[in-house]
Structures are given as structure tokens and as C-alpha cells.
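Novice: How does the following fold in three dimensions:
(one chain, ligands or ions: 2)
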Amino acid sequence: MIVLGVESTAHTASVGIVDESARVLGQAGDMYRPAAGGIHPREAANHHVETLPGIVRAALEAAHLRPSEVDAVAFAQGPGLGPCLRAGATVARTLALLWERPLVPVNHCVAHVEIARVLSGLEDPMLLYASGGNTQVIVYGAGRYRVLGETLDVGIGNFLDKLWIALGGTFPGGPALEAEARLGSELLALPYSVHGMDVAFSGMLTAALAFHRDGARRADIAYSVEATAYSMLTEITERALAHRQREEVVLGGGVACNQRLQGMVRTMAEGRGGHSFAPPRSLCVDNGSMIAWTGLLGHRAGLAVPVERSAVLPRQRTDQVPVPWRENGAATA
Ligand code: ATP
Ligand code: FE2
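Specialist: Ligands and ions are numbered 1, 2, ... in the order given. You can find the predicted model right below:
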């Protein structure tokens with residue numbers, strides 16, 4: 001079975017094509033980059049509308065496939081920005097109708113988790129999903145992905161992006177902050193905000209901006225923010241491992257590209273006798289292949305929907321969707 005997936009939840013418009021062994025046959029994409037400040041939903045959606053037709057063609061060409069060789073079309077149903085989601089859903093519906101193929105809705109967060117899990121080869125790991133809008137420690141249980149801990153305010157990536165823009169940079173902030181942090185050495189005292197299995201970042205943003213106003217070096221701010229924020233994530237992940245008697249961690253989401261975060265989680269997991277895994281960058285950040293792969297799992301489990309029941313769900317949570325392809329298939333609330 002070959003599935004084409006459309007991703008358009010936020011900045012990235014991407015199309016990926018995968019086969020039954022989760023091999024990426026082709027992937028193409030393009031990112032909306034605001035000239036200044038944060039994302040403007042309508043501008044981002046216009047970007048996706050304009051670029052997606054060409055991206056579909058590029059992904060098919062990269063995969064050396066004709067449309068007739070695609071068995072199903074998947075799309076990110078939510079969570080995300082309404083106008084952006086609708087742009088991708090419209091393209092996916094059009095392709096499904098045109099090619100007379102099943103249409104499979106996919107939860108974007110579950111897709112980050114599933115592509116990371118299949119690449120890791122691990123059956124039932126603890127999952128740390130760290131991205132722009134989300135920061136969650138997740139484990140599978142009784143038909144769904146359960147969120148054991150998460151951010152109480154903003155997603156870690158949005159926090160890093162906002163900080164970097166306030167320090168004079170441009171979107172996306174995470175990778176640039178990572179490079180800047182390598183030049184830092186002084187550990188500034190920032191709020192370390194862990195509440196049980198949950199975390200919060202807005203206090204750290206305020207404190208980091210205060211250091212900036214007081215003349216602290218940008219490199220030291222970046223260094224200290226990474227040290228503090230990634231320690232917080234490592235701590236809640238370790239707590240989840242200890243409670244659930246697990247040893248393996250799989251990272252997913254854009255922030256999981258970060259070498260420092262990967263290193264801290266690896267040290268923690270190996271210290272407990274386990275190990276950790278993170279996908280390559282192209283499958284950590286938003287991408288169509290993760291939607292295609294999760295769509296393939298969903299299609300095999302009978303989750304295809306008619307076009308008239310394919311409305312986007314901008315607030316759909318990780319733990320709201322059934323994952324019948326995992327053991328104990330039946331979903332319980
Ligand atoms: P969500 O998955 O919550 O809907 P999203 O889809 O906007 O969020 P992703 O594409 O998964 O986000 O991740 C984008 C985020 O990852 C951005 O905030 C970006 O700054 C961050 N990011 C990317 N690379 C790195 C890196 N090397 N270090 C830290 N953060 C990074
Ligand atoms: Fe994402």
C-alpha cells in the first residue's frame with residue numbers, strides 16, 4: 001500500500017509519500033516565513049494554497065510515481081490553525097475525489113509520535129513530543145495515546161521562537177538559538193518550572209528578556225535557556241519512565257532536532273540502563289511523510305472518511321483520537 005499525506009497545520013506545507021514499511025518514497029515542502037513577528041494564519045494559509053499543487057507534483061516526481069499508484073490520501077485534520085488546516089484538507093479532498101481513493105484524517109501530534117516510533121523500531125516507548133505548539137510526555141494505554149505531562153502555557157518551540165525574535169532574530173528561533181547557545185558559557189539563573197509531570201515556560205521568557213534588557217550576552221541567554229528548559233523536559237520524561245517502569249524514550253516534533261536536548265535525554269536514559277532515539281531532521285519537523293504513514297496505519301484500521309465528514313478540527317488533542325492499530329484496539333475515554 002502507498003499513501004500520500006498532506007501536512008499544513010502551521011508554517012509548513014508538505015507532502016510525503018510512504019509505503020507499508022514506512023519508507024519515504026518522496027517528500028517535498030515549503031515553509032511560510034513571516035517577514036517580522038509571529039505567524040499570520042491567513043497569510044500562511046495563502047502560502048499553502050499557492051504552493052501545495054506544486055508540492056504534490058514534486059513529491060510524486062521524487063517518488064517516481066503516477067497518481068494511479070497511490071492507494072489512499074491522508075491529511076492533517078488537527079490540531080492547528082483553522083485556515084492552514086483547511087488549505088491542506090481541501091487539496092487532500094480534491095486528490096481523493098479526483099483519483100477515487102479513500103481519504104484518511106490524521107491527528108498531527110499522533111503523526112509526530114508514530115513516525116518517530118516506527119523509525120525507532122521500538123514497540124512501546126515513552127514519547128517526548130516537543131514542538132512549536134506542543135510539549136507532551138506521552139505513552140500508549142487502552143486504545144489511545146495518553147498525555148502524562150505537558151506544558152501548562154506555551155509550547156517549547158513557540159517559547160524559543162518568541163524569545164529569539166525578541167532578541168533580534170527571525171523565525172524559526174529554535175535552530176538559531178541552538179547555534180547561539182554553543183557560544184555561551186555563563187549559566188544565568190532562570191525559573192525552573194516543573195509541576196509534577198507538567199512544565200511552564202512563560203516565567204522563563206519574562207526572566208530571559210529581563211536579562212537581555214540588563215545587558216546579558218545573547219549567547220549566555222541562549223545557553224542558559226537551553227540548559228534550563230531541556231533539563232525540565234528531561235526531568236518530566238525521567239519521572240514518567242520511573243512511574244511506568246520503562247527504559248526507552250523516543251523523541252518527536254521540531255524541537256527534538258536539538259542536539260543538546262537529544263544529548264540530555266540520552267544521558268538520562270542510558271543512566272537508567274535504557275536508551276533514546278530521535279528521527280532525522282526532515283522527519284522531526286512538520287512533514288507530509290508522517291501524515292502519510294499515520295494515514296496508512298489509520299486506513300488499515302478502517303479510519304477512512306467520506307469527504308462530507310472530513311471537517312478540520314483545530315483543537316483536536318493527542319488523547320482525543322483512537323489509535324486502533326495498536327494493541328487493545330478499542331478506544332476508552
Ligand atoms: P506542533 O507540532 O505543536 O503543531 P509545529 O507543527 O509548529 O508545532 P514543528 O514543525 O513540529 O512545529 O516544530 C517547529 C518548532 O521546532 C519551531 O518552534 C522551531 O523553532 C523548533 N525547532 C526546529 N529545530 C530546532 C532545534 N534545532 N532546536 C530547537 N528547536 C527547534
Ligand atoms: Fe508539528
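
Novice: so what's A76 bridging to?
Specialist: Taking DSSP bridges as the rule, A76 bridges to V106.

Novice: quick one: pLDDT of it?
Specialist: Looking at A76, its pLDDT is 98.

Novice: And for the one 4 residues further on?
Specialist: The predicted local distance difference test score for G80 is 97.

Novice: can you tell me which residues contact it?
Specialist: Shown in contact with G80 (C-beta atoms under 8 Å, 6 or more residues apart in numbering): S8, T9, A10, H108, G133, V312, P314. Backbone N, C-alpha and C define where each C-beta goes, glycine included.

Novice: so which of these are also by ligand 2?
Specialist: For ligand 2, no contacts are drawn from the contacts of G80 by C-beta under 5 Å from the ion.

Novice: Of the residues you listed - the most surrounded one?
Specialist: S8 (38 neighbours; other C-beta atoms under 10 Å).

Novice: That residue contacts G82, correct?
Specialist: No - at 11.1 Å, S8 does not count as touching G82 under the criterion of C-beta atoms under 8 Å.

Novice: Looking at the contacts of G80, which are in helices?
Specialist: H108 (DSSP state H).

Novice: The contacts of G80: which two are farthest apart?
Specialist: Using C-beta to C-beta, the contacts of G80 reach their maximum pairwise distance at G133 and V312, which is 15.1 Å.

Novice: Now do the buried residues in stretch 280-289.
Specialist: L283, C284, V285, D286, N287, G288, S289 (16 or more other C-beta atoms under 10 Å).

Novice: Provide a list of residues in contact with the second one.
Specialist: Going by C-beta under 8 Å, 6+ apart, C284 touches H112, A116, L251, G252, G253, G254, A256, C257, A278.

Novice: now the fourth one
Specialist: If a contact means C-beta under 8 Å, 6+ apart, then D286 has E7, T9, A10, H11, T12, S14, G29, H108, S131, G254 as its contacts.

Novice: export those residues to TSV and tack on distance to ligand 1?
Specialist: Shown next, in TSV, are the contacts of D286 (distance: C-beta to the nearest ligand atom, whole Å):
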residue	distance to ligand 1
E7	8
T9	5
A10	4
H11	6
T12	6
S14	9
G29	10
H108	6
S131	3
G254	2
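
Novice: top of those by neighbour count?
Specialist: Neighbour counts for the contacts of D286, by other C-beta under 10 Å, peak at E7, which reaches 34 neighbours.

Novice: and that residue, what are its bridge partners?
Specialist: Going by DSSP bridges, E7 is paired in beta bridges with S14.

Novice: Report pLDDT for E327.
Specialist: For E327, the pLDDT comes out at 74.

Novice: Could you count how many residues lie near it?
Specialist: Using other C-beta under 10 Å, E327 has 11 neighbouring residues.

Novice: Look at it and tell me its secondary structure.
Specialist: With DSSP: H, G, I helix; E, B strand; the rest coil as the basis, E327 sits in coil.

Novice: And it, how far from ligand 1?
Specialist: Distance, E327 to ligand 1, using C-beta to the nearest ligand atom, to the nearest Å: 26 Å.

Novice: Report the residue ranges of every domain in this protein.
Specialist: According to automatic domain parsing, the chain comprises the domains 2-112+283-320, 121-281.

Novice: so which of those domains is the most packed in?
Specialist: Among these, ranked by average contacts under mean count of other C-beta atoms under 10 Å, first place goes to domain 2-112+283-320 (a mean of 21).

Novice: Endpoints of that one, how far apart?
Specialist: Domain 2-112+283-320 has an end-to-end distance of 26 Å (C-alpha to C-alpha, to the nearest Å).
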